[in-house]
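In: Sequence below, structure please.
(one chain, ligands or ions: 1)
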Amino acid sequence: MTITITAFEQSPDRGRGLARDMRVRWALEEVGQSYDVRLVSFKTMKEPAHLALHPFGQIPTYEEGDLALFESGAIVFHIAERRSGLLPHDANARARAITWMFAALNTMEPPIVDREVAKYLEGDEIWYEQRMSAVEGRIRKRLNELSGRLGDADWLDGEFSAGDLLMVTVLRRLAGSGILNEYPNLTAYIARGEARPAYQRAFGAQLAVFTAASAGG
Ligand code: GTB
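Out: Have a look, this model is predicted:
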């Protein structure tokens, strides 16, 4: 059955793989599942056809036969549940990997997104510096805790899992902030994720969209 996902026609990240279609692409590549991509503009995302797939008018979405999904975490979970390679078979190890998926999205990602909101939308506010400092403090608290738990391990809990996939994509959103330099083991962890052939294929595919859009004017 053909799988179709949606991605930005022109990603504001300029092909750096920071938009959330990247985690879905990576998951599909990890399990060896081919997929099509429908590119959407910001305008298209708010139109009825796309809103029928995604109530909040965003990317990514996932279509497979008569199944339509939104929310990158739910999509990655769906892929991981139905194909092997992203969740362990042992029931307890599987539950722990799923726990890390939630930790990436519910514990790590919110303060990181807060930082982007502050940076891009609140830069002119008189309280900007104070807010940014508070947000970065909350990010460092979580990074300290995550770094302590990861220690010298390659992955968060044994073999690479969908938990690592989501965690790496979430941490990558801090690229360019300088904050990650304070955590050598997390920097190495991200680099291990980025070195995976499946990641490379996914990254290349989304970069090709940006390159083609740039060439087209
Ligand atoms: N909770 C949803 C999920 O996990 O799928 C959130 C989806 C979401 O935020 N989608 C964003 C979107 O469609 C794209 S990924 N935004 C358009 C809109 O809301 O109108 C967020 C994103 C966008 C851009 C960058 N960047 O340029 O670096 C990084 C991340």
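In: going forward, measure contacts and count neighbours with C-alpha atoms only.
Out: Will do.
In: is the ligand contacted by stretch 176-188?
Out: No. Counting by Cα under 6 Å from any ligand atom, the ligand has no neighbours in stretch 176-188; the shortest distance is 10.7 Å.
In: what residues go with each domain of this structure?
Out: Here the domain parsing of the chain from automatic domain parsing is 3-85+198-216, 91-196.
In: Could you dump those into a markdown table and include mean pLDDT and mean neighbour count?
Out: Shown next, in a markdown table, are the domains of the chain (pLDDT from 0 to 100; neighbours: other Cα atoms under 10 Å):
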| stretch | mean pLDDT | mean neighbour count |
| --- | --- | --- |
| domain 3-85+198-216 | 97 | 18 |
| domain 91-196 | 97 | 17 |
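In: what's in contact with stretch 82-100?
Out: 27, 30-31, 80-81, 156-157, 159-164, 167 (Cα atoms under 8 Å, 6 or more residues apart in numbering).
In: Kindly check the end-to-end length of that stretch for me.
Out: Between the opening and closing residues of stretch 82-100 there is a gap of 18 Å (Cα to Cα, to the nearest Å).
In: same deal with stretch 176-195?
Out: Taking Cα to Cα, stretch 176-195 runs 19 Å from one end to the other.
In: which residues in this protein form strands?
Out: Counting by DSSP state E, the chain has strands at residues 3-8, 36-40, 61-64, 67-70.
In: and the second one, how far from the chain's centre?
Out: Once both centres are worked out by Cα atoms, centre = their mean, to the nearest Å, strand 36-40 turns out to sit 17 Å from its chain's centre.
In: switch to numbering from 9
Out: Fine by me, first position is 9 from now on; the one you just mentioned is strand 44-48.
In: now the end-to-end length of stretch 34-43.
Out: Stretch 34-43 has an end-to-end distance of 11 Å (Cα to Cα).
In: Is it positioned near the ligand?
Out: No. For stretch 34-43, no contact with the ligand is found by Cα under 6 Å from any ligand atom; the gap never falls below 13.7 Å.
In: And for stretch 116-130?
Out: No. Stretch 116-130 stays clear of the ligand (Cα under 6 Å from any ligand atom), getting no nearer than 8.4 Å.
In: nearest to the ligand, of the strands of the chain?
Out: Closest to the ligand of the strands of the chain is strand 75-78 (Cα to the nearest ligand atom; 6.2 Å).
In: got the contact list for the longest helix along the chain?
Out: Selection of the longest helix in the chain by residue count, based on DSSP state H, yields helix 136-158. Helix 136-158 is contacted from outside by 115-116, 119-120, 122-123, 126-127, 130, 164, 187, 191, 193-194, using Cα under 8 Å, 6+ apart.
In: my read: residue 202 touches residue 212, true?
Out: No. Contact criterion Cα atoms under 8 Å: residue 202 and residue 212 do not qualify, at 11.4 Å.
In: what about residue 126, distance to the ligand?
Out: In this view, residue 126 and the ligand are 14 Å apart by Cα to the nearest ligand atom, to the nearest Å.
In: what about residue 185, distance to residue 210?
Out: Distance of residue 185 to residue 210, given as Cα to Cα: 23 Å.
In: Over to residue 70?
Out: Residue 70 is 16 Å from residue 210, by Cα to Cα.
In: Same check on residue 180?
Out: 14 Å.
In: farthest residue from the center of the chain?
Out: residue 134 (31.4 Å; Cα atoms, centre = their mean).
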